[in-house]
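J.: Structure, please.
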Amino acid sequence: MKVKIRRELFEYLLQLARDFYPNEFGGFLREIDGIFEEVLIIPKGHFGKRSIFFDPWLLPHDENIKGTVHSHPTPYGRPSKADLHFFSKFGGIHIIIAYPFEKWSVKAYTSDGKEVKIEIVD
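T.: Down below sits the predicted model:
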């Protein structure tokens, strides 16, 4: 299994991770025709050094939201226990961008924490 993400979005996500550092950032990924094309930044989120808090009632109803993305301000790109708990509630694909926020430090996971390959498309 692999996940496809538009190059412009991938580069934008890397920049968001850099801009929010040393805090985490988070968002929801909109998929169009099997490719992640857009990110919706978590509305009214609290972006801390170790976690993100938000009110899920503020999320728009959007059937094209098929994944999440968040950064880890550490070089550890594996999902934490809290990440896995969140993944199990939300479903879809979950992308973690670890410090130093480079292409090689980005990982994608299924809802049960299995790593999947990322394909960047133009």
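J.: burial count for residue 106?
T.: Residue 106: 21 surrounding residues under other C-beta atoms under 10 Å. For the C-beta atoms, the positions are set from N, CA and C on the backbone; glycine is no exception.
J.: Surely residue 76 is within a helix?
T.: No - counting by DSSP: H, G, I helix; E, B strand; the rest coil, residue 76 is not part of a helix but coil.
J.: Would you map the strands across the protein?
T.: Using DSSP state E, the strands of the chain run over residues 2-6, 26-32, 35-41, 46-47, 52-53, 65-72, 93-98, 106-109, 115-121.
J.: With mean pLDDT added, can I get these in TSV?
T.: Below are those laid out as TSV (pLDDT from 0 to 100):
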stretch	mean pLDDT
strand 2-6	97
strand 26-32	91
strand 35-41	92
strand 46-47	54
strand 52-53	52
strand 65-72	91
strand 93-98	96
strand 106-109	98
strand 115-121	98
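J.: Dump these to CSV, plus distance to residue 15.
T.: Shown next, in CSV, are those (distance: least, C-beta to C-beta, whole Å):
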stretch, distance to residue 15
strand 2-6, 14
strand 26-32, 13
strand 35-41, 11
strand 46-47, 15
strand 52-53, 18
strand 65-72, 11
strand 93-98, 10
strand 106-109, 12
strand 115-121, 15
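J.: For residue 82, which of the ones you listed is the nearest?
T.: strand 52-53 (9.5 Å; C-beta to C-beta).
J.: related to what we said a few turns ago, what's the closest of the strands of the chain to residue 85?
T.: Taking these one by one with C-beta to C-beta, strand 93-98 is closest: 11.6 Å.
J.: Give the partner strands of the closest one in its sheet and their orientations.
T.: Next to strand 93-98 in the sheet, as set by DSSP bridges, lie strand 65-72 (parallel), strand 106-109 (antiparallel).
J.: so the first one versus strand 26-32, what angle?
T.: The reference is to strand 65-72. 150 degrees (axes from the mean of the first three to the mean of the last three C-alpha atoms, to 10 degrees).
J.: Show residues contacting the longest helix anywhere in the chain.
T.: With residue count as the measure and DSSP state H as the assignment, the chain has helix 7-20 as its longest helix. With C-beta atoms under 8 Å, 6 or more residues apart in numbering as the test, helix 7-20 has contacts from 25, 27, 36-39, 41, 47, 69, 71, 95, 97, 99, 101-103, 106, 118, 120-122.
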